[in-house]
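> generate a structure from the sequence data that follows.
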Amino acid sequence: MTSAHHAGPAQACPDDDTRRVVAAAFELISSRYVLARHQIGAAILDGDGGIHLGLHLDAMVGRAAVCAEAVALGTARMATRAPLLLAAAVRHPKPDEQSPARLVPPCGLCRELLLDHAPDLAVIVNGPDGPYATALTGLLPHKYLGTKWTSAL
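Sure thing, here's the model as predicted:
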């Protein structure tokens, strides 16, 4: 493995918060990766500076799988009521892939879920000049708005 593989995607992050969140997600998946079980690690930064982790849980039946971002959201909400500010997810390469761990954006379902519980959340994604934080609302511009909840969280 190259040193860039060991350093992870955090090395290219432009600021301390972004670097902390990406590094936490990278460290989690680097230590917990299991082929066909755990491929993505996620981290969410809260307004008090805490970082909450989540591990992707694959399943034999695809619908039963749980995304790392959803696990991190649950972990965060168990630990704090502070606003959730910044999230990142890192995908570990499979053994036959010749690429390093990389940032991945949340899937559509996670975008909906995260916006339900953290409407001001930013997520870290890759851009042409490296990782950057962007408002999650920009990745899901036409969020479903139902009438299930009558008040803000």
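> hang on, Asn126 is in a strand, isn't it?
Yes. Secondary structure of Asn126 (DSSP: H, G, I helix; E, B strand; the rest coil): part of a strand.
> could you check how many residues crowd around it?
By the criterion of other C-beta atoms under 10 Å, Asn126 has 14 neighbours. Backbone N, C-alpha and C define where each C-beta goes, glycine included.
> begin at 6, not 1, for the rest of this chat.
Got it, the first residue is 6 from now on, which makes the last one we talked about Asn131.
> and the closest residue to it other than its chain neighbours, bridged to which residues?
Using C-beta to C-beta, 6 or more residues apart in numbering and skipping the chain neighbours, the partner closest in space to Asn131 is Leu108 (5.1 Å). Beta-bridge partners for Leu108, by DSSP bridges, are Val95.
> what about Ala77, which helix or strand?
helix 73-84 (DSSP states H and E).
> now for Gly79: which residues touch it?
Gly59 (C-beta atoms under 8 Å, 6 or more residues apart in numbering).
> for Thr94, give its distance to Lys153.
Careful, residue 94 is Ala; it's not Thr. Look at Ala94 and Lys153: by C-beta to C-beta, to the nearest Å, they are 26 Å apart.
> do the same with Arg68
21 Å.
> repeat for Ile34
33 Å.
> more neighbours, these two?
Ile34 (25 against 6).
> apart from its neighbours in sequence, what residue is nearest the more buried one?
Here the residue nearest Ile34, using C-beta to C-beta, 6+ apart, is Gly46, at 3.2 Å.
> can you name every helix or strand that the host helix or strand of the one you found contacts?
Following DSSP H and E, one finds Gly46 within strand 45-51. Packed against strand 45-51 by the contact rule (3 or more C-beta pairs under 8 Å, 6 or more residues apart in numbering; DSSP states H and E) you find helix 21-37, strand 56-60, helix 73-84, strand 89-96.
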